[in-house]
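S.K.: Need coordinates for the below:
(3 chains)
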Amino acid sequence: MDYKYIEQLLERYWQCQTSVEEERILRDFFSQKEVPAHLQRYCALFAFEKNEEELHLGADFDRKILNRIEEPVVKARRNTIRFRLTPFYRAAAIVAVVLCLGLAAQHSFQNDTKQPGVSYNYAGYQDTYSDPQVALDQVSSALKTVSHGLRESGLHNVDSALVDGGNDDKM
Amino acid sequence: MLCFFVGMFLSLTVSAEKAQDFVSQLMSDLEEQYGVDDNDEYGCVTVSPSMMEKMLKMLQSKDVKNDEQIQRILPHVKSMRIFSATKHIDRYNTAATKLLNRNANSYKPFKASAEKNVDPCVWIRKSGSKVIEMIVLNRKENENFQVINITGDMNKAFVYELLKM
Amino acid sequence: MINFRDDVLPLKNRLYRLALRITLDTLDAEDIVQETLIRVWNMREDFDKIDSIEAFSLTICRNLALDHISRKESQNEQLDESYDTTPDVASTPLQALLLEDKRSWVMKLFNELPEKQRSVMQLRDIEGKSYREIAQVLGFTEEQVKVTLFRARQHIRQEFEKIDNYGL
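M.R.: Predicted coordinates for the structure are as follows:
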């Protein structure tokens, strides 16, 4: 039997040139009973991989997680704030909005185009740590808290939260 | 009501080019109200833009495990300040919340119609369409109060990377 | 309508195997899978925005597992031996030849790879993922995935060739 094909596949496997399908062929080949002597030492590797594929969690896990998921969750009611303006205030509001838009347009034209809008004053910043590694540890830890906060906020409309500023106010 | 609108467009005529980050404002407020913090009841960790750059450079030069994610997140963060207190937690929590509410035209809760009792809770400040500041109030089991204050460019990519943390 | 049982729970085994490969502890791996599934489930309203739920879940799982082991390391805890149930594991290829169970030697070889190589081997050789999918999970470029995989396989190859040198 000519094992050249397998030997070529194996060489390509070590070079990471095999496809997923070809790797499957190798695993199947090496789990056979009749593997030639000069290739036998690789049986352990592919047999191990095939075996590991079969590790799984039991039904007990399902029961535990389903209990956790199906716990009743107290959901807060969505709060919506509505403004009802009387005709007078509505008119005043329209005038004010038009004026504001005009001023804002004027303001943005006058601004330095490199730095539009708000920028921060970092001049007074004094670093607490001089070692970047220590600073990084603090920053990483803080970012994890931020991550937790974002998850707690819920993710309905990440887009609108970022675009609209998360404001539900209706005029 | 009209005074409000007059005030609003008057404020627009003032060039607010250099703003103060939230924690700086909070600490000014606290000093005004309670005097200088002689007893070190609260602290503030500052990581400046230049330190952020040093951190990124350091990460890019070493091959430390699990750094790819932070390397994708850090470029969005210009600076970070972390205010923390272990005593008088209610006082600082109230001061921070008041400051947020007083500047409602700048600071908005992250999620639309956010449940304000969520902890930690996230607020953002925008300039045009960009989120330039993020404030997270974190109250850890009544033992510790923290305000994490980030400035930078917090876009959707930043949020999605953070969610994977 | 997204359903936990049909859409999220089926990810459990793949997540388990990755968590186990990283933590080398069955109980820790199980806890990590639970935590991952709950986090993913809590984000279900944004599933349409996520490219691949599986890749997303695997990323969260890996991050949780890495957090876990770094916390354990800082607490100077001994690595739990529960995953590796064979009492005498070979430390050299020669000893491996003497042992009936070569599989435990291969397992040790695998598990002693640096975490990134281990994770890439797990996702490629055991889970059969494409380079693109692995890159998504680990946050690498496809090129980086290939390089990492190459290093892992070369190391394994060298160890196997040592057996050969002892003469079979």
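
S.K.: Domain map for chain C?
M.R.: Using automatic domain parsing, the domain parsing of chain C gives C:1-83, C:86-168.

S.K.: May I see the ones you listed organised as JSON lines, with mean neighbour count and mean pLDDT added?
M.R.: The way it works is simple: take the backbone N, C-alpha and C, and place the C-beta from them, glycine included. Converted to JSON lines, these look like this (neighbours: other CB atoms under 10 Å in any protein chain shown; pLDDT from 0 to 100):
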{"stretch": "domain C:1-83", "mean neighbour count": "18", "mean pLDDT": "85"}
{"stretch": "domain C:86-168", "mean neighbour count": "17", "mean pLDDT": "81"}
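
S.K.: Same list, those domains, but as JSON lines with distance to chain A please.
M.R.: Shown next, in JSON lines, are the domains of chain C (distance: least, CB to the nearest CB, whole Å):
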{"stretch": "domain C:1-83", "distance to chain A": "4"}
{"stretch": "domain C:86-168", "distance to chain A": "4"}
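
S.K.: which residues of chain B fall in strands?
M.R.: In chain B, the strands defined using DSSP state E lie at B:18-19, B:42-47, B:77-85, B:107-109, B:121-127, B:130-140, B:144-152.

S.K.: Which strands and helices lie in contact with the first one?
M.R.: Counting contacts by 3 or more CB pairs under 8 Å, 6 or more residues apart in numbering or on different chains; DSSP states H and E, the secondary-structure elements packed against strand B:18-19 are strand A:119-120.

S.K.: any idea of the angle the helix or strand just after the strand it packs on forms with strand B:42-47?
M.R.: For strand A:119-120, the succeeding helix or strand toward the C-terminus, using DSSP states H and E, is helix A:132-153. Relative orientation of helix A:132-153 versus strand B:42-47 (axes from the mean of the first three to the mean of the last three CA atoms, to 10 degrees): 110 degrees.

S.K.: does helix A:132-153 come close to chain C?
M.R.: Yes: contact of helix A:132-153 with chain C (CB under 8 Å from any CB of the partner chain) involves A:Arg151.

S.K.: For that helix, list every residue counted as buried.
M.R.: Going by neighbour count (16 or more other CB atoms under 10 Å in any protein chain shown), the buried part of helix A:132-153 is A:132, A:135-136, A:139-140, A:142-143, A:145-153.

S.K.: Just give the nearest non-adjacent residue to whatever residue of chain B ends up closest to chain C, would you?
M.R.: Closest approach of chain B to chain C (CB to the nearest CB) occurs at B:Glu68, with a separation of 4.4 Å. Nearest residue to B:Glu68 in three dimensions, chain neighbours excluded: C:Gly139, at 4.4 Å (CB to CB, 6 or more residues apart in numbering or on different chains).

S.K.: In this structure that neighbour contacts B:Gln69, no?
M.R.: Yes: between C:Gly139 and B:Gln69 a contact is recorded at 5.7 Å, counting by CB atoms under 8 Å.

S.K.: which regions of chain B sit below the pLDDT cut-off?
M.R.: B:1-17, B:63-66, B:111-117, B:141-142 (pLDDT under 70).

S.K.: Can you pull up the most central residue in it?
M.R.: In chain B, the centroid-proximal residue (CA atoms, centre = their mean) is B:Asn149; its distance is 2.4 Å.

S.K.: quick one: contacts for the residue of chain B closest to chain C?
M.R.: C:138-140 (CB atoms under 8 Å, 6 or more residues apart in numbering or on different chains).

S.K.: at 10 Å what do you get?
M.R.: Residues near B:Glu68 by CB atoms under 10 Å, 6 or more residues apart in numbering or on different chains: B:59, C:116, C:138-141, C:144.

S.K.: if we can go back for a sec, look up how far B:Lys87 lies from the residue nearest to the centre of chain B.
M.R.: Counting by CB to CB, to the nearest Å, the separation of B:Asn149 from B:Lys87 is 20 Å.

S.K.: With B:Lys108 instead?
M.R.: Distance from B:Lys108 to B:Lys87, by CB to CB: 30 Å.

S.K.: What of C:Thr148?
M.R.: 48 Å.

S.K.: ok, now C:Ala135?
M.R.: Distance from C:Ala135 to B:Lys87, by CB to CB: 48 Å.

S.K.: just B:Phe22 next, same as before
M.R.: For B:Phe22 relative to B:Lys87 (CB to CB), the value is 21 Å.

S.K.: Please identify which of the two sits among more neighbours.
M.R.: Comparing B:Phe22 with B:Lys87 by neighbour count (other CB atoms under 10 Å in any protein chain shown), the higher total belongs to B:Phe22, at 26 against 12.

S.K.: List the residues that contact the more buried one.
M.R.: B:81, B:83, B:96, B:99-100, B:103, B:106-107, B:123, B:125, B:133-135, B:147-151.

S.K.: Now chain C against chain B: closest residue?
M.R.: C:Gly139 (4.4 Å).

S.K.: show me the contacts for that residue.
M.R.: Contacts of C:Gly139 (CB under 10 Å, 6+ apart): B:66-69, B:71-72, B:161, B:164, C:59, C:62-63.

S.K.: Go through those residues and name the one nearest chain A.
M.R.: Chain A has its nearest neighbour among the contacts of C:Gly139 in B:Lys164, at 8.0 Å by CB to the nearest CB.

S.K.: secondary structure class for the nearest residue to the closest one once chain neighbours are set aside?
M.R.: Sequence neighbours aside, C:Thr59 is the residue nearest to B:Lys164 in space, at 5.1 Å (criterion: CB to CB, 6+ apart). Look at C:Thr59: counting by DSSP: H, G, I helix; E, B strand; the rest coil, its state is helix.

S.K.: C:Thr59 reaches C:Phe140, doesn't it?
M.R.: No: C:Thr59 lies out of contact with C:Phe140 (CB atoms under 10 Å); the separation is 11.2 Å.

S.K.: Which parts of chain C are helices?
M.R.: Here chain C has its helices, by DSSP state H, at C:12-23, C:26-42, C:53-74, C:93-98, C:102-111, C:115-121, C:131-138, C:142-165.

S.K.: And the third one, what does it pack against?
M.R.: If you count contacts as 3 or more CB pairs under 10 Å, 6 or more residues apart in numbering or on different chains; DSSP states H and E, helix C:53-74 packs onto helix A:132-153, helix B:68-73, helix B:156-163, helix C:12-23, helix C:26-42, helix C:115-121, helix C:131-138.

S.K.: ok, the nearest residue to A:Glu53 once chain neighbours are set aside to B:Lys98 distance?
M.R.: Nearest in space to A:Glu53, with sequence neighbours left out and distances taken as CB to CB, 6+ apart, is C:Ile126 at 5.3 Å. Shown here: C:Ile126 relative to B:Lys98, a distance of 55 Å by CB to CB.

S.K.: if we can go back for a sec, show the buried residues in the contacts of B:Phe22.
M.R.: Judged by 16+ other CB under 10 Å, buried ones among the contacts of B:Phe22: B:81, B:83, B:96, B:99-100, B:106-107, B:123, B:125, B:133-135, B:147-151.
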